[in-house]
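Engineer: give me a model of this one.
(one chain, ligands or ions: 1)
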Amino acid sequence: MDQSGTLDSLLQEERVFRPLPQLVIEANVNPQELEAARRQAETDPLGYWEEAADELDWFKKWDQVLDDSNPPFYRWFAGARCNVVYNALDRHIETGNKNKLALIWEGEPGDSRKYTYYELYREVNRFSNALRSLGLGKGDRVVVYMPPLPETLIAMLAIVKLGAVHSVVYAGFSAKALRSRIRDAEAKMVVTADGFYRNGRVIKLKNTVDEALVGACSDCVDSMVVVHRAKVEVDMVEGRDFWYEDLIRQERSESPTEVMDAQDPLFMLYTSGTTGQPKGVIHAHGGYMVGVHRTLGQVFDIKPTDIFWCTADPGWITGHSSVVYGPLMAGTTTVMYEGHPLYPQADRMWNIVAKHGVTVFYTTPTLIRMLMRFGTQYPKRFDLTSLRLLGTVGESISPEAWLWFYKNIGRSECPLLDTWWQTETGMFMISPLPISLLKPGSVTRPLPGIEAAVVDKDGKPAPPGKGGLLVLTRPWPAMMTGLFKDEDRYKEYWQQVPGGVYFAGDVAKKDEDGYYWIQGRADDVLNIAGHRIGTAELENAFGAHRAVSEAAVIGVPDRIKGEVAKAFILLNPGIEPSDDLNKELKRHIKNELGPVAVVKSIEFRDSLPRTRSGKIMRRVLKAQELGQDVGDLTTLEAD
Ligand code: WT7
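Structural biologist: Coordinates of the predicted model:
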């Protein structure tokens, strides 16, 4: 086995789960092959990734696998020409995949649509042609503000096909958050829907875009494309707003795929950091497609017969790599669901699995905790035996939730793959394969070609079992190529820990077997239901309210969402705390940032703990809140 040397000690662990023998026999990557891949990647990392790149189609191959002459600006597949859409779509039309299902989509009300690769290809081409006639070209940015609809995936591919760059903004973000992203990206166009269904209600989306495009942003974009979804009455601005359906009607179903340089930006995606301003993470065509294709294939062992359901929204990196680009490059069938997981009742997810015969189900610990509350009555009503692999991502999963999922959904037969990665990494980094020995709560070991370490703040390796900073010590193909208009902030990832290594922002420990256990963020970033949000963003949003003088936000544990925000507020002189103000502030945050920013409680204070230089000490507030020793985290905290 790949873990041969460590097998004995692993078995001494209380709970270790091994794959069924049949699964090991059938796996695409067997234990010997995994071990060989690890060895090859260690001795010849560039050769390893070059082989991975050879599995894809290129217009022109690279002059160099990795140009590392100017770290940390690494250039993967330098000199190559390609387009990820060629690999996700065009090439399948020439093979037996042509008439295979590419997408199964289900709307919340129960309607459903299916596309073969050929149908998807034609629809993408039509929309790509339409976008071209609206004046969109290579390098232009388009904000896609959409719920999970087939047109969301179609828009992403159509934009990239013609060489433009998408920035998908989660439909749960507010008009203000949307506006700041449109402005920062200098987007030329927005693609949206009239509305969508969520938890039995119709959410008006186009109206929110209209709200974003006012004032200083009234001329931000040249055009807006609106998909008909929920029959919401909308105002269409003559000459700026177009219905998707009208645009594509006349378009031809063939469209050229732009030849891109491997370094050309493919998409950008905003993610929260420690300052108030979200960062525009950029991914480029060449490295991204190689990294995502290789790791998705390894971890989820994709077979021609799979029906792959990753429950993520397209607005997050998981939606990009594990709903759209990864599954389509692999030629598998990807599943999308529009609505709320508990609508109309708590059996919806199992209903979808059973109805479509889902074989791989990849979701978040938050969703598992949410569904666990209802016990096993709902999953028991459905035949879930089509499932062969389970996965989670976004936050650590407690052994309790792991075991519930494994036992009640996976029949104690389906490996549960806990994948660690980030918006910035683009691809899976630390994760088991189906053949791995699993320890509930551990993300196991780095994938072949990935080198990680747990170190102290001087960059020295932490001894086994001791917590430290999680770093990546070698560049990897799907790494972000930069942050939009912010070179310095990009460099910071590589400067925080000595040694030129990438600091992920997480605290982790590595056990005696080399298994990683992620313990949470090391910085002022919250992880609410698997979504990153910076305390500074929340604090700025509070600060924008007339009653607030100053705010300090910390994360506190939550049974379902893992973590939620708690705010400590200093009010302006003359303003009295009250329940009404408390409610108003919560509403205000929802307005400013959208429903992703869950503020559980607000506490009004007369003063806040500060450093000598006047900085608020959030860790003191947090330690007090959780009844912990205040000195606990000092080594990780910068003053
Ligand atoms: C942060 C990245 C990658 C898609 C989802 C989130 C946390 C991610 C795990 C995991 C424990 C995890 C980390 C990481 N995280 N996966 N399997 N176990 N924590 O992407 O929004 O870029 O957030 O999510 O803290 O740094 P993201």
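Engineer: from here on, just use CA atoms for contacts and neighbour counts.
Structural biologist: Will do.
Engineer: show me what the helix or strand Trp494 falls within is packed up against.
Structural biologist: Here Trp494 sits within helix 487-495, counting by DSSP states H and E. Packing partners of helix 487-495 (3 or more Cα pairs under 8 Å, 6 or more residues apart in numbering; DSSP states H and E): strand 482-483, strand 502-510.
Engineer: now that helix: buried residues?
Structural biologist: Buried positions in helix 487-495, judged by neighbour count with 16 or more other Cα atoms under 10 Å: Tyr490, Lys491, Tyr493, Trp494.
Engineer: between those, which is nearest the ligand?
Structural biologist: Set against the ligand, the nearest of the buried residues of helix 487-495 by Cα to the nearest ligand atom is Tyr493 (12.0 Å).
Engineer: the stretch 201-350 of the chain against the ligand: which residues are in contact?
Structural biologist: Ile317, Thr318 (Cα under 6 Å from any ligand atom).
Engineer: wait, Pro595 sits on Phe173?
Structural biologist: Yes. Counting by Cα atoms under 8 Å, Phe173 is a contact partner of Pro595 at 6.8 Å.
Engineer: who in the protein is up against the ligand?
Structural biologist: 317-318, 393-396, 418-423, 443, 504-506, 518, 520-521, 530-532.
Engineer: of those residues, which belong to strands?
Structural biologist: The strands, defined by DSSP state E, take in Asp418, Ala504, Gly505, Asp506, Ile518, Gly520, Arg521, His531, Arg532 from the residues of the chain next to the ligand.
Engineer: can you show me the helices along the stretch 51-200 of the chain?
Structural biologist: Ranges of helices in the stretch 51-200 of the chain, per DSSP state H, counting those that start in this stretch, are 84-88, 117-133, 150-161, 175-185.
Engineer: mark which of the residues of the chain next to the ligand are buried, thanks.
Structural biologist: 317-318, 393-396, 418-423, 443, 504-506, 518, 521, 530-532.
Engineer: same list (the buried residues of helix 487-495) but as a markdown table, adding pLDDT.
Structural biologist: Converted to a markdown table, the buried residues of helix 487-495 look like this (pLDDT from 0 to 100):
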| residue | pLDDT |
| --- | --- |
| Tyr490 | 97 |
| Lys491 | 97 |
| Tyr493 | 97 |
| Trp494 | 98 |
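Engineer: which residue does the stretch 151-300 of the chain bring closest to the ligand?
Structural biologist: For the stretch 151-300 of the chain, Cα to the nearest ligand atom, closest residue to the ligand: Thr271, 6.5 Å.
Engineer: shaky segments in this structure?
Structural biologist: By pLDDT under 70, the low-scoring segments of the chain are 1-13, 630-639.
Engineer: now do the residue lying farthest from the centre of it against Ile589, distance only.
Structural biologist: In the chain, counting by Cα atoms, centre = their mean, Gly574 sits farthest out from the average C-alpha position, at 43.5 Å. Distance, Gly574 to Ile589, using Cα to Cα, to the nearest Å: 22 Å.
Engineer: and what of Tyr270?
Structural biologist: 19 Å.
Engineer: next one: Arg113
Structural biologist: 36 Å.
Engineer: repeat for Asn199
Structural biologist: When Asn199 is compared with Ile589 (using Cα to Cα), they lie 21 Å apart.
Engineer: between those two, who's got more neighbours?
Structural biologist: Comparing Asn199 with Ile589 by neighbour count (other Cα atoms under 10 Å), the higher total belongs to Ile589, at 23 against 15.
Engineer: now that one: closest residue in space that isn't a chain neighbour?
Structural biologist: Ala541 (6.3 Å; Cα to Cα, 6 or more residues apart in numbering).
Engineer: do the same with Asn207
Structural biologist: In space, Asn207 is closest to Val234, 6.9 Å off (Cα to Cα, 6+ apart).
Engineer: now Thr275
Structural biologist: Per Cα to Cα, 6+ apart, closest to Thr275 is Ala536, 5.4 Å.
Engineer: repeat that for Leu608.
Structural biologist: Leu608 sits nearest to Ile616 (Cα to Cα, 6+ apart), 6.6 Å away.
Engineer: make sure that neighbour is actually in contact with Ser607.
Structural biologist: No. Contact between Ile616 and Ser607 fails when scored by Cα under 8 Å: they sit 10.1 Å apart.
Engineer: more crowded one of the two?
Structural biologist: Each of Ile616 and Ser607 has its neighbours counted (other Cα under 10 Å); Ile616 has more, 18 against 11.
Engineer: kindly state the beta-bridge partners for that one.
Structural biologist: Arg610 (DSSP bridges).
Engineer: okay, it and the ligand: tell me how far apart.
Structural biologist: 23 Å (Cα to the nearest ligand atom, to the nearest Å).
Engineer: and that residue, what does it touch?
Structural biologist: Shown in contact with Ile616 (Cα atoms under 8 Å, 6 or more residues apart in numbering): Ala552, Leu608, Pro609, Arg610.
Engineer: got a markdown table for the residues you listed, with neighbour count too?
Structural biologist: Formatted as a markdown table, those follow (neighbours: other Cα atoms under 10 Å):
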| residue | neighbour count |
| --- | --- |
| Ala552 | 23 |
| Leu608 | 18 |
| Pro609 | 14 |
| Arg610 | 12 |
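Engineer: ok, so of the residues you listed, who is nearest the ligand?
Structural biologist: Nearest member of the contacts of Ile616 to the ligand, counting by Cα to the nearest ligand atom, is Ala552, at 20.7 Å.
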